[in-house]
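>>> structural data only, the sequence is not supplied:
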Ligand code: TXA
Ligand code: MG
């Protein structure tokens, strides 16, 4: 994929590419997406090919206006609809009953489709000019660290056809929160860029945890995912140097640590800042000449729930390979 600055003219070129069935990586407020025409099954299939993603992992359709929702989905129940109205554009994805013409490859054959309206001017313009919902997973190779800059995308997907619109760094930094309605309640399918507490407050009810086995076999939900090449060890606190390891601190460390292989998610302990830095820091540590990565746990509240979800999955890979 080739890098293009996200100028008005290049977004227009990118939209033409989408309309012709091509691939465009584009910035959103969460992570970069790898987009294709979400109503064109062949175009959507090329996303799976480029990412080396298994077909059983359904994609999110991205829209730029509220009325586009009704082109692809049945009217959601009122609770889900008012959450979408409150948090869109933004890092919330809703899973709702799909309309017939949404291709099976997008939904992995499910009767439901995941939909989100991103809060990013480049993403919105691209969707608008493409005149179709964009199917877009995170623009990384399957299972590896999600991209929060155009450079992260080009390092992982340079062999694929298509273009990358460079719109700078993603300011939220972790993927959207995914919810679905479940009978009388709402289920949390993936913690992410909108804190669960904010959704619960708006909905006036507690979110239900997704039951084991109730989910499609989506790799975002696999125990290992978002994984660096280097093994990741999750610890409460790093209190001294660990030779040959990259150190990922939550806050400013209390001891003098090795410059070059120590990174801090947020010196002041802000979870928002930590989320924005998480994947970029993992990318950087993974590219260093070190044997492993030690990462500190962060508080599991607010955006911390999504950060801990990513860190936990990143740390599972090694254990799985060992067994
Ligand atoms: O912030 C984000 O959501 C980013 C940006 C690009 O929008 N996208 C993203 O896509 O994270 P992806 O493909 O990496 O993760 C989408 C996840 C899938 O792993 C799957 O778990 C879930 O969405 N999903 C999609 N369709 C679903 C459905 N019908 N039912 C349940 N889960 C679904
Ligand atoms: Mg992903």
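Here it is on my side, so go on. Because the structure is a prediction, the values reported are computed rather than measured. Ligands and ions are numbered 1, 2, ... in the order given.
>>> mind listing what the nearest residue in space to residue 185 that is not next to it in sequence touches?
If the residues on either side of it in the chain are set aside, residue 185 comes closest to residue 208, at 5.0 Å by Cβ to Cβ, 6 or more residues apart in numbering. Just so you know, the C-beta spots here come from the backbone N, C-alpha and C atoms, and that holds for glycine as well. Going by Cβ atoms under 8 Å, 6 or more residues apart in numbering, residue 208 touches 182, 185, 186, 187, 188.
>>> repeat that for 10 Å
Listed by Cβ atoms under 10 Å, 6 or more residues apart in numbering, the contact partners of residue 208 are 179, 180, 182, 183, 184, 185, 186, 187, 188, 214.
>>> out of these, which are buried?
By neighbour count, with 16 or more other Cβ atoms under 10 Å, those hold 179, 180, 182, 186, 187, 188 as buried.
>>> let's have the residues you listed in TSV, adding secondary structure, distance to ligand 1 and pLDDT.
Output for these, formatted as TSV (DSSP: H, G, I helix; E, B strand; the rest coil; distance: Cβ to the nearest ligand atom, whole Å; pLDDT from 0 to 100):
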residue	secondary structure	distance to ligand 1	pLDDT
179	strand	10	97
180	strand	6	96
182	strand	11	88
186	strand	13	96
187	strand	9	96
188	strand	11	96
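>>> where does the prediction get shaky in the chain?
For the chain, the stretches with pLDDT under 70 are 212-224, 317-323.
>>> near ligand 1, which residues of it?
The chain has residues 28, 30-31, 33, 57-60, 91, 93, 95, 107, 110, 112-114, 116, 118, 136-138, 175-176, 178, 189, 216, 218, 220-221 near ligand 1, with proximity defined as Cβ under 6 Å from any ligand atom.
>>> try 5 Å this time
By Cβ under 5 Å from any ligand atom, the residues of the chain that approach ligand 1 are 28, 30, 33, 58, 60, 95, 110, 112, 114, 136-138, 175-176, 218, 220.
>>> quote the end-to-end distance of stretch 137-154.
Across stretch 137-154, the terminal residues are separated by 15 Å (Cα to Cα, to the nearest Å).
>>> kindly report the same for stretch 228-235.
Stretch 228-235: ends 17 Å apart by Cα to Cα.
>>> now it: buried residues?
By 16+ other Cβ under 10 Å, the buried positions in stretch 228-235 come out as 228, 230, 231, 232, 234.
>>> same deal with stretch 111-124?
112, 113, 114, 115, 116, 117, 118, 119, 120, 122, 123, 124.
>>> also stretch 44-55?
For stretch 44-55, a neighbour-count test (16+ other Cβ under 10 Å) marks 44, 45, 46, 47, 48, 50, 51, 53 as buried.
>>> return the closest of these with respect to ligand 1.
residue 53 (7.7 Å; Cβ to the nearest ligand atom).
>>> domain assignment for the protein?
Domain assignment for the chain, taken from automatic domain parsing, gives 2-209, 232-322.
>>> and the longest one, how far apart are its ends?
This means domain 2-209. First-to-last residue span, domain 2-209, Cα to Cα: 40 Å.
>>> phi first, then psi, for residue 256.
With angles defined as degrees, to the nearest 10, residue 256 sits at phi -80, psi 120.
>>> now do the contacts for it.
Taking Cβ under 10 Å, 6+ apart, one finds 241, 262 in contact with residue 256.
>>> look up how far residue 132 lies from it.
Note on residue 256: its distance to residue 132, by Cβ to Cβ, to the nearest Å, is 54 Å.
>>> how about the strands in the stretch 1-150 of the chain?
2-5, 24-26, 33-37, 60-62, 92-97, 112-116, 134-135 (DSSP state E, counting those that start in this stretch).
>>> what's the closest of the ones you listed to residue 309?
The closest of the strands of the stretch 1-150 of the chain to residue 309 is strand 92-97. By Cβ to Cβ, the value is 14.4 Å.
>>> next, the angle from the closest one to strand 112-116.
Note on geometry: by axes from the mean of the first three to the mean of the last three Cα atoms, to 10 degrees, strand 92-97 and strand 112-116 are set 150 degrees apart in direction.
>>> could you pull out the helices in the stretch 51-200 of the chain for me?
With DSSP state H, counting those that start in this stretch as the criterion, the stretch 51-200 of the chain has helices at 69-72, 78-87, 104-107, 121-130, 150-157, 196-203.
>>> in the second one, which residues are buried?
Right, helix 78-87. 79, 80, 81, 83, 84, 87.
>>> verify the stated contact: the first one with residue 186.
Yes: using Cβ atoms under 10 Å as the test, residue 79 is close enough to residue 186 to be in contact (6.4 Å).
>>> which residues do the two both contact?
Common neighbours of residue 79 and residue 186 (Cβ under 10 Å, 6+ apart) are 179, 203, 205.
>>> state the distance from the last one to residue 193.
Pointing back at residue 205 there. 21 Å.
>>> more neighbours: the two, which one.
A side-by-side neighbour count of residue 205 and residue 193, using other Cβ atoms under 10 Å, places residue 193 first with 27 against 13.
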